[in-house]
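Enquirer: below is the sequence, then the predicted model.
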Amino acid sequence: MARSSEVIRQWRLLREIEASRGVTIRDMAELAGVTTRTIRRDLDALQEAGFALYDEMYEGQKRWKLRSRPFNGLEDTSFTLGELSALYFSRTLMECLTGTPFQDDLRQAFAKLEQALGPRMQAFLDRLPAAIDAKPVPTPSGGILEQRRTIGQLLDAVLHQQRLVMRYHSFSSGREKTYRIDPYRLVYAQGGLYLFAYVSAYKKMRTFAIDRIKHLTVLAEKFQVVEDIGKTTFPHSIGIHDGEPEQVKIQFSPQTAPYIQERVWHSSQTIEPQGDGSIILMLDVCIDATLRSWILGFGPVVKVLWPAHLATSVAEALSTAHNRYKSNGGERSRRHNR
């Protein structure tokens, strides 16, 4: 932990020096809450790592500064300190893409950056991710090489507006079906890649999971965009579904209210505090499986107030779960009595 706090302190010093017109050693010591001797050791370590630090006299005081190109050995780039730190922190956040077709490409990209940095600066920056971590989300298993081929075909078709014939395994029906589609956009959401495409047979936009695409044929014919999908995909869903929005009212208990208030669950949300400490969350969203699962995940601390059909479906799901546990309990009791 001592090494982690040291590198975080040194990184803060770098950012302070970059943001100012020069900082004295005494000012840095007060900022970091350490001695001037510790700051001198930090500055030596940063210079050895390859950061272009220097000192000069200004208004009768020796002040430390960072050159406009802050990295020795990276003269051909225009990275600022903030940009490089963002890249290194994003490497940790991008661990969520482990198991996807982008995993190897990301590792190769960072490997090239590390080669340009040099071993000492690389060793320093490699200690930064200790200050931040990311938990990977569940990703589809198997078939990564095949997915990479599929994604390559889809990207080309999206960019060149080429029509596709796709054989797809439907999760809901459990059967394969062939679609003639116009691919509009690839979307990464909830640990998976999805294709947003126009299906001419239905005259509708549909969402397809990339890992359930069994075969693609790229046709020579081009398509014209017939529907403006805007910058945001699935604007009316808290998940990855599309549909007409409805007003939804959900009441959360006083114990859960602070957690709900701290987050933006959807751009349409409004919150009404109640006299007993509970809150009512109001959303304009489509009612889909993701919304039901999200509500059910709160268990007994939530109640759907509107619409009635959503309240009924949630109540039925809870009743089914209760009966299943009750049935399992009875089975265990019979086994115990034998």
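Expert: Cool, the structure landed. Numbering: from 1, shown residues only.

Enquirer: and the nearest residue to residue 239 once chain neighbours are set aside, what element?
Expert: Using C-beta to C-beta, 6 or more residues apart in numbering and skipping the chain neighbours, the partner closest in space to residue 239 is residue 290 (2.7 Å). C-beta here means a position set from N, CA and C on the backbone, and glycine is covered the same way. Assigned by DSSP states H and E, residue 290 belongs to helix 289-296.

Enquirer: helix or strand right after that helix?
Expert: Downstream of helix 289-296 (by DSSP H and E), the next one is strand 302-306.

Enquirer: helices and strands around that next one, which ones?
Expert: strand 246-252, helix 308-337 (3 or more C-beta pairs under 8 Å, 6 or more residues apart in numbering; DSSP states H and E).

Enquirer: now the ones you listed in a markdown table, with distance to residue 296, mean neighbour count and mean pLDDT?
Expert: Shown next, in a markdown table, are these (distance: least, C-beta to C-beta, whole Å; neighbours: other C-beta atoms under 10 Å; pLDDT from 0 to 100):
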| stretch | distance to residue 296 | mean neighbour count | mean pLDDT |
| --- | --- | --- | --- |
| strand 246-252 | 12 | 19 | 97 |
| helix 308-337 | 6 | 11 | 80 |
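
Enquirer: ok, now how distant is residue 42 from residue 35?
Expert: 11 Å (C-beta to C-beta, to the nearest Å).

Enquirer: please identify which of those two sits among more neighbours.
Expert: A direct count of neighbours by other C-beta atoms under 10 Å for residue 42 and residue 35 places residue 42 higher, at 23 against 11.

Enquirer: element containing the more buried one, please.
Expert: Under DSSP H and E, the secondary-structure element containing residue 42 is helix 36-49.

Enquirer: quick one: that helix to chain centroid distance?
Expert: Offset of helix 36-49 from its chain centre (C-alpha atoms, centre = their mean, to the nearest Å): 35 Å.

Enquirer: what helix or strand is the residue nearest to residue 67 when sequence neighbours are not counted on?
Expert: The shortest distance from residue 67 to any residue other than its chain neighbours is 4.0 Å, reached at residue 52 (C-beta to C-beta, 6+ apart). Using DSSP H and E, residue 52 maps to strand 51-58.

Enquirer: could you list the buried residues of that strand?
Expert: 51, 52, 53 (16 or more other C-beta atoms under 10 Å).

Enquirer: strand partners of that strand, parallel vs antiparallel please.
Expert: strand 61-71 (antiparallel) (DSSP bridges).

Enquirer: pLDDT (mean, whole number) over the partner strand?
Expert: Mean pLDDT, strand 61-71: 78.

Enquirer: what kind of secondary structure is residue 240 in?
Expert: For residue 240, the assignment made with DSSP: H, G, I helix; E, B strand; the rest coil gives coil.

Enquirer: who's in contact with it?
Expert: 187, 189, 190, 194, 207, 234, 290 (C-beta atoms under 8 Å, 6 or more residues apart in numbering).

Enquirer: give me the buried entries from these.
Expert: Among the contacts of residue 240, those buried by neighbour count (16+ other C-beta under 10 Å) are 187, 194, 207, 234, 290.

Enquirer: among those, name the ones in helices.
Expert: Judged by DSSP state H, helices contain the following of the buried ones among the contacts of residue 240: residue 290.

Enquirer: can I get the buried ones among the contacts of residue 240 in JSON lines with pLDDT and distance to residue 30?
Expert: Below are the buried ones among the contacts of residue 240 laid out as JSON lines (pLDDT from 0 to 100; distance: C-beta to C-beta, whole Å):
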{"residue": "187", "pLDDT": "85", "distance to residue 30": "48"}
{"residue": "194", "pLDDT": "88", "distance to residue 30": "51"}
{"residue": "207", "pLDDT": "89", "distance to residue 30": "55"}
{"residue": "234", "pLDDT": "79", "distance to residue 30": "49"}
{"residue": "290", "pLDDT": "88", "distance to residue 30": "50"}
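
Enquirer: any weak-confidence spans in this structure?
Expert: Residue ranges of the chain with pLDDT under 70: 1-4, 68-82, 84-86, 88-89, 92-102, 118, 128-146, 191, 229-232, 328-338.

Enquirer: mind giving me the domain ranges of it?
Expert: Under automatic domain parsing, the residue ranges defining each domain of the chain are 1-136, 144-222, 246-321.

Enquirer: reformat the ones you listed as JSON lines; add distance to residue 238.
Expert: Converted to JSON lines, these look like this (distance: least, C-beta to C-beta, whole Å):
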{"stretch": "domain 1-136", "distance to residue 238": "18"}
{"stretch": "domain 144-222", "distance to residue 238": "10"}
{"stretch": "domain 246-321", "distance to residue 238": "5"}
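
Enquirer: ok so, going back, closest one of the buried residues of strand 51-58 to residue 304?
Expert: Checking the buried residues of strand 51-58 against residue 304 by C-beta to C-beta gives residue 51 as the nearest, at 55.3 Å.

Enquirer: partner residues bridging the closest one?
Expert: Bridge pairing for residue 51 - DSSP bridges - gives residue 71.

Enquirer: what about it, distance to residue 13?
Expert: 10 Å.
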